[in-house]
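Chemist: mind looking at a prediction? Sequence and model below.
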Amino acid sequence: MKFTLKIVLVFFLFISFPVFSQDNKETPTEKKNDVETRRMKRKKAKAEWKAKRNEERADKKAVRAHEKSLQTKATRKRMHRDQRRANRINQNKKEFFLIRMFKPKPRGGKR
């Protein structure tokens with residue numbers, strides 16, 4: 001009986017060692033390094049995002065410049081005027097009263 005009691009006691013002593021161990025405890029320098037690596041990851045991701053955004057903007061600008069070079073000045077002016085007119089109609093606004101007053105009246109006739 002005494003022998004088995006000693007074996008059980010020793011067994012429980014060896015089992016309790018991992019409970020009291022301090023292997024998993026982080027030191028302040030490890031925490032600081034972890035924060036620095038997270039910060040560096042964020043900075044790297046932000047730099048990549050900015051580079052990608054600048055590349056996309058440059059592509060859009062190049063496409064816009066190419067499309068603009070294909071059009072004459074009169075075409076661009078007409079497109080701008082049509083776009084303003086479309087916006088005015090979509091917002092349900094009337095034209096300037098002088099324009100409405102002196103615009104030729106539509107003629108109603110039989111076909």
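Modeler: Yep, it's here.
Chemist: contacts and neighbour counts: CA atoms only from here.
Modeler: OK.
Chemist: elements contacting whichever strand or helix holds Lys31?
Modeler: Taking DSSP states H and E as the definition, Lys31 sits inside helix 28-70. Using 3 or more Cα pairs under 8 Å, 6 or more residues apart in numbering; DSSP states H and E as the contact test, no helix or strand touches helix 28-70.
Chemist: for Met1, give me the pLDDT.
Modeler: You'll see Met1 listed with a pLDDT of 78.
Chemist: what is the rounded mean pLDDT of the helix or strand hosting Arg88?
Modeler: Arg88 belongs to helix 73-90 when assigned by DSSP H and E. Across helix 73-90, the average pLDDT comes to 93.
Chemist: now do that helix: distance to the chain's middle.
Modeler: Remark: helix 73-90 is offset 31 Å from the chain centroid, using Cα atoms, centre = their mean, to the nearest Å.
Chemist: send me that helix as PDB with only the CA atoms.
Modeler: Extracted in PDB, the C-alpha atoms of helix 73-90 (Å, rounded to 0.1, in the frame of the first residue of the first chain):
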ATOM      1  CA  LYS A  73     -12.700  69.800 -80.800                       C
ATOM      2  CA  ALA A  74     -16.200  70.300 -82.200                       C
ATOM      3  CA  THR A  75     -17.100  66.700 -81.200                       C
ATOM      4  CA  ARG A  76     -15.900  67.300 -77.600                       C
ATOM      5  CA  LYS A  77     -17.900  70.500 -77.400                       C
ATOM      6  CA  ARG A  78     -21.000  68.800 -78.700                       C
ATOM      7  CA  MET A  79     -20.600  65.900 -76.300                       C
ATOM      8  CA  HIS A  80     -20.200  68.400 -73.400                       C
ATOM      9  CA  ARG A  81     -23.200  70.400 -74.400                       C
ATOM     10  CA  ASP A  82     -25.300  67.200 -74.800                       C
ATOM     11  CA  GLN A  83     -24.200  65.900 -71.400                       C
ATOM     12  CA  ARG A  84     -25.200  69.200 -69.700                       C
ATOM     13  CA  ARG A  85     -28.600  69.100 -71.500                       C
ATOM     14  CA  ALA A  86     -29.100  65.400 -70.400                       C
ATOM     15  CA  ASN A  87     -28.300  66.200 -66.800                       C
ATOM     16  CA  ARG A  88     -30.700  69.100 -66.800                       C
ATOM     17  CA  ILE A  89     -33.500  67.000 -68.300                       C
ATOM     18  CA  ASN A  90     -32.800  64.200 -65.800                       C
END
